[in-house]
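[1] no sequence on this one, just coordinates:
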């Protein structure tokens, strides 16, 4: 396995890309610029270094991942090898049915105008 640490610190954008939190390094850099990445509670720039033991919070659509750095890598490796580089402390997400979204019976046809108004009322919280 070629995931040995090359130094005592690694750039956060490279580490997030290497552990497969983002598909591309430029996506990781953009997330840092947008303020979606925090190290130990502080917003960071893409060039910020990460060290072993840091807590990294990554905001992704619909939830936030909480990762603890266990190993430093700067090059992308296989998914199994990447999973050994962090500990995931992210709480489980609730199931979509538990969110209270309206469900229609299969084969019930299009919603009527009254049904649509009721769904809009639920969505807006009125």
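    Received, thanks. The shown structure was predicted, so the numbers you read here are calculated from the model rather than taken from an experiment.
[2] Name the nearest residue to the most centrally placed residue in the chain, ignoring sequence neighbours.
    With distances taken as C-alpha atoms, centre = their mean, the residue of the chain nearest its centroid is residue 60 (3.9 Å). Among residues not flanking residue 60 along the chain, residue 36 sits closest, at 7.6 Å (C-beta to C-beta, 6 or more residues apart in numbering). To be clear about C-beta, it is placed using only N, CA and C from the backbone, and glycine gets the same treatment.
[3] Residue 116 - that's part of a helix, no?
    Yes. According to DSSP: H, G, I helix; E, B strand; the rest coil, residue 116 belongs to a helix.
[4] what's the distance between residue 55 and residue 40?
    Distance of residue 55 to residue 40, given as C-beta to C-beta, to the nearest Å: 6 Å.
[5] Looking at those two, which one has more neighbours?
    Legend: neighbour count by other C-beta atoms under 10 Å for residue 55 and residue 40, higher for residue 55 (15 against 11).
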